[in-house]
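Colleague: okay, predicted coordinates and the sequence, questions at the end:
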Amino acid sequence: MAPSTAAVELLSPKEKNRLRKPVVEKMRRDRINSSIEQLKLLLEQEFARHQPNSKLEKADILEMAVSYLKHTKAFAAAGPKSRHQDFSEGYAWCLQEAVQFLTLHAAGDTQMKLLYHFQRPPAAPGAPATEPKAAAPPAAKAGPAAHQPSRGLWRPW
């Protein structure tokens, strides 16, 4: 049972501190636990990616938060990319994936047209989309096997 306010006034400062210490310590632990829970909610996706279906201890949450912040800081230290650089990297990655996919399958006319189209340099982002001029018609050869892809934008229809 807690002492009444009249009884607290009669206590010495040392006795007051002894009564106050457990209350202050509980408040401190509650703040720590609340902050750890907020970290857990903020980094929920990161936890699911690294440790799905596992109960996280407080130490796990703190370690994951530190790791995430270090990764984010290292990524930010690389500096902001320009739109053109970001576009170029994305285009190069997409091109690499598409060429890898197309080379895994039998080379048909469509695949050859796409590969030919991908060999041209990309247009800069924000540049006006102009249709490239078609190349001069190739020398007349007999049969459909002599068909060469046009320089115009390839469309599947």
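Modeller: On my side now, so go ahead.

Colleague: for the chain, what spans make up the helices?
Modeller: Assigned by DSSP state H, the helices in the chain fall at 5-9, 13-42, 44-50, 58-77, 83-104, 109-118.

Colleague: now do the buried residues in the third one.
Modeller: Along helix 44-50, the positions that meet the burial threshold by neighbour count (16 or more other C-beta atoms under 10 Å) are Phe47. For the C-beta atoms, the positions are set from N, CA and C on the backbone; glycine is no exception.

Colleague: single out the most deeply packed of the helices of the chain.
Modeller: Counting by mean count of other C-beta atoms under 10 Å, helix 109-118 has the highest mean neighbour count of the helices of the chain, with a mean of 15.

Colleague: how about that helix as PDB, C-alpha atoms only?
Modeller: Output in PDB follows, covering the C-alpha atoms of helix 109-118 (Å, rounded to 0.1, in the frame of the first residue of the first chain):
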ATOM      1  CA  ASP A 109      12.100 -13.800 -86.600                       C
ATOM      2  CA  THR A 110      10.500 -12.000 -83.600                       C
ATOM      3  CA  GLN A 111      13.500 -12.600 -81.400                       C
ATOM      4  CA  MET A 112      15.900 -11.400 -84.100                       C
ATOM      5  CA  LYS A 113      13.900  -8.200 -84.500                       C
ATOM      6  CA  LEU A 114      13.900  -7.500 -80.800                       C
ATOM      7  CA  LEU A 115      17.600  -8.200 -80.500                       C
ATOM      8  CA  TYR A 116      18.300  -5.900 -83.400                       C
ATOM      9  CA  HIS A 117      16.100  -3.200 -81.900                       C
ATOM     10  CA  PHE A 118      17.900  -3.500 -78.500                       C
END
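
Colleague: I'd like to know which elements it is packed against.
Modeller: Counting contacts by 3 or more C-beta pairs under 8 Å, 6 or more residues apart in numbering; DSSP states H and E, helix 109-118 is packed against helix 83-104.
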